[in-house]
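A.B. asks: Build the 3D model from these lines:
(2 chains)
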Amino acid sequence: MARGDGASNGFPLVGLLKGMKVTFKAMLKKPVTINYPKEKETPVARARGVIALDPEACTVCMLCARECPDWCIYIEGHKEEVPPSKPGGRPRSRATLDRFDLDYALCMYCGICVEVCPFDALFWSPEYEYSESSISNMLHDQQRMTDWLETVPDPPALESS
Amino acid sequence: MSIDLTINFWLLLVVKVGLIVGVVALPLALVVIFGELKISAHMQSRIGPYFAGGRFGWAQPLADGLKFLQKEDLVPAAADSSVYRLAPYIVLIGTIATFVIIPFGPDLVASDLDLGVFYLLAVSSLGTLGVLMAGWSSGNKYSLIGGLRAAAQLIAYELPLVLAAVAVVIQAGTLSLSGIVEAQATTELFGLNIHLPYVLIGQGVGFAIFTTAVLAELSRIPFDMPIAESELTMGYLTEYSGFRFTMFFLGEYAGMISFAAIGATLYLGGWWLPGFDITSDAMKFIGPIVLITKVMLLAFLFIWVRWTWPRLREDQLQTLAWKWLIPAAFVNIVATAVFKVAF
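C.D. replies: Here you go, the predicted model:
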């Protein structure tokens, strides 16, 4: 049964009138809409827009590719013989990166790869304008991943105490 | 219209109807549609139409209308074809017929019937018949429930609507809409030389009842159960497309204007602006502007309510109408009659 219309909220109709006050105020405020192609929204500095790669730091450890829930990271590398740094030492083998591709058509922006990277080779960048008309172009190769590095903001300062 | 034309009656009729539809109903409906798009957007912190027509998206209602006209006019296989095709026109005719007797100025009325209010209440209910026809003939369960809800709604709002209008008729002493405007402009308040519209002198409650009933009549939120989107897709409109959907759409907004005009005439003084002498020449020119301003204010109220309030259930509407509005309307009638006799 329809009992107590608005009775729980004090005098009847008061709630409805309060609502009308809210909508009237909202009508007079400036809309929050941003006219996107003409005006650009500035995302917060640490927004998760795109993942950037620092190839110098990467050790081809494959942790990111293995932890990725979507398996959207493709890494290839090879071992290189590095001559000994001191005479009489033995030559070291060093892993070198050949390919680091990330398929943004599959990526779900969980950020696990950035979290697990033990050598800080992956970073979040706030850039978001990389939509493509063909799905195959969503696969960013190593060069493109490296190019995003310029847009990565500086890390927050360490706490001093 | 007092233009003394010796031309054929039927020709004059066609001209009058054409003028009413082309000059009043259609442009005002487009303005109210645009207003609804813009106001609803800003109430939700959006911008609304922006690109159509260059600035402010002013051409959006026109673009929408053209788009609807290009769509295929579908008739479902299960539909009762002839009734289905006829229904939109019944709705539109019921709405447009009310424009005939609305006075836009001292002489600017298509036909000043002596039984104006009676005709108005009779004709405005015709739309519900069209809605019921549409719901019944569509061959769709949502349409059928929507049509039946509209019919059930009629039981709730029609009586308060009529009873609220009766109080105005008692106070004015006439059923003619022009007469009611004149009565508002000439009624003296306690012997003082102050003339006020009826909403300020005695009919405040009546105006509230009338507005509530009109919202139900127009199937607008909070009483939009016949087209409740979340339950019935679009109610009786579900199967309509193309030109016939446009008819319903225009009918809805033209109905808003016609009822706002009726409310403005009965309660807000119609084309008369308080402070002016009703017989002055100035009223002849500003009369239509005054009435349209009042209509737009009421239309804004309807839009404002729609984008703020939730939808009632059918039984809540019946409770509201039968337990609150109708008793209040009776008390209003009695009080008006007592005042009429006593003063």
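
A.B. asks: residue contacts, the nearest residue to residue B:111 once chain neighbours are set aside?
C.D. replies: Counting by C-beta to C-beta, 6 or more residues apart in numbering or on different chains, residue B:111 lies nearest to residue B:100, which is 5.3 Å off, once chain neighbours are set aside. Any C-beta I mention is one placed from the backbone N, CA and C, and that applies to glycine too. By C-beta atoms under 8 Å, 6 or more residues apart in numbering or on different chains, the contact set of residue B:100 is B:16, B:20, B:110, B:111.

A.B. asks: which two in these are spaced the farthest apart?
C.D. replies: Farthest pair in the contacts of residue B:100 (C-beta to C-beta) is B:20 and B:111. Separation: 10.2 Å.

A.B. asks: So for those two, which residue has more residues nearby?
C.D. replies: Set residue B:20 next to residue B:111 and count neighbours by other C-beta atoms under 10 Å in any protein chain shown: residue B:20 wins out with 19 against 11.

A.B. asks: OK, contacts around the closest residue to the more buried one other than its chain neighbours?
C.D. replies: Nearest non-adjacent residue to residue B:20, counting by C-beta to C-beta, 6+ apart: residue B:99, 4.7 Å away. For residue B:99, the contact set (C-beta under 8 Å, 6+ apart) comprises B:20, B:24, B:25, B:110, B:254, B:258, B:261.

A.B. asks: Please convert those residues to CSV, extending it with pLDDT and secondary structure.
C.D. replies: Shown next, in CSV, are the contacts of residue B:99 (pLDDT from 0 to 100; DSSP: H, G, I helix; E, B strand; the rest coil):
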residue, pLDDT, secondary structure
B:20, 76, helix
B:24, 77, helix
B:25, 78, helix
B:110, 71, coil
B:254, 86, helix
B:258, 88, helix
B:261, 89, helix
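
A.B. asks: got a winner among these for most neighbours?
C.D. replies: Of all the contacts of residue B:99, residue B:258 has the most neighbours under the rule other C-beta under 10 Å, reaching 30 neighbours.

A.B. asks: how close does it get to chain A?
C.D. replies: Distance, residue B:258 to chain A, using C-beta to the nearest C-beta, to the nearest Å: 24 Å.

A.B. asks: Name the SS class of residue A:124, please.
C.D. replies: On the three-state scheme (DSSP: H, G, I helix; E, B strand; the rest coil), residue A:124 is labelled strand.

A.B. asks: Would you mark the buried spots in whichever strand in chain A runs longest?
C.D. replies: The longest strand of chain A (DSSP state E) is strand A:92-103. For strand A:92-103, burial by neighbour count (16 or more other C-beta atoms under 10 Å in any protein chain shown) applies to A:97, A:100, A:101, A:102, A:103.

A.B. asks: out of those, what pair is the most spread apart?
C.D. replies: Checked with C-beta to C-beta, those reach their widest spread between A:97 and A:103, with 17.2 Å between them.

A.B. asks: correct me, but residue B:36 touches residue B:304?
C.D. replies: No: judged on C-beta atoms under 8 Å, residue B:36 makes no contact with residue B:304 at a distance of 10.3 Å.

A.B. asks: Determine which member of these two has the greater number of neighbouring residues.
C.D. replies: Each of residue B:36 and residue B:304 has its neighbours counted (other C-beta under 10 Å); residue B:36 has more, 20 against 17.

A.B. asks: Could you tell me how many residues sit around residue 32?
C.D. replies: Chain wasn't specified; assuming chain A. 9.

A.B. asks: could you do chain B instead?
C.D. replies: 24.

A.B. asks: Quick check: it is in a helix.
C.D. replies: Yes: counting by three-state DSSP, one finds residue B:32 located in a helix.

A.B. asks: Skipping adjacent residues, who's closest to whichever residue of the stretch 51-200 of chain B sits closest to chain A in space?
C.D. replies: For the stretch 51-200 of chain B, the residue closest to chain A is residue B:51, as judged by C-beta to the nearest C-beta, at 9.6 Å. Spatial nearest neighbour of residue B:51, excluding adjacent residues (C-beta to C-beta, 6+ apart): residue B:57 at 6.1 Å.

A.B. asks: what's that neighbour sitting at in phi/psi?
C.D. replies: Backbone torsions of residue B:57, given as degrees, to the nearest 10, read phi 60, psi 30.

A.B. asks: could you point out the longest helix in chain A?
C.D. replies: Ordering each helix of chain A by length in residues (DSSP state H) puts helix A:14-28 first.

A.B. asks: quick one: buried residues of it?
C.D. replies: Using 16+ other C-beta under 10 Å as the test for burial, helix A:14-28 gives A:16, A:20, A:23, A:26, A:27.

A.B. asks: The third one is in contact with residue B:45, isn't it?
C.D. replies: It refers to residue A:23. No: look at residue A:23 against residue B:45 with C-beta under 8 Å: they stay out of range, at 10.3 Å.

A.B. asks: can you tell me which residues contact the residue nearest the centre of chain B?
C.D. replies: The residue lying closest to the centre of chain B (C-alpha atoms, centre = their mean) is residue B:259, at 2.2 Å. By C-beta under 8 Å, 6+ apart, the contact list for residue B:259 reads B:98, B:124, B:214, B:217, B:218.

A.B. asks: quick one: which of those residues sit in helices?
C.D. replies: Short answer: the contacts of residue B:259 in helices (DSSP H) are B:98, B:124, B:214, B:217.

A.B. asks: re the thing from before, now the residue nearest to the centre of chain B: how far from chain A?
C.D. replies: Using C-beta to the nearest C-beta, one obtains 20 Å as the distance from residue B:259 to chain A.

A.B. asks: Name the SS class of that residue, please.
C.D. replies: Of the three states, residue B:259 takes helix under three-state DSSP.

A.B. asks: ok, now residue A:77?
C.D. replies: Three-state call for residue A:77 (three-state DSSP): strand.

A.B. asks: Could you find the closest non-adjacent residue to it?
C.D. replies: residue A:60 (3.6 Å).

A.B. asks: wait, that neighbour sits on residue A:73?
C.D. replies: No: using C-beta under 8 Å, residue A:60 is not in contact with residue A:73, being 11.7 Å away.

A.B. asks: So which of these two has more stuff around it?
C.D. replies: residue A:73 (22 against 19).
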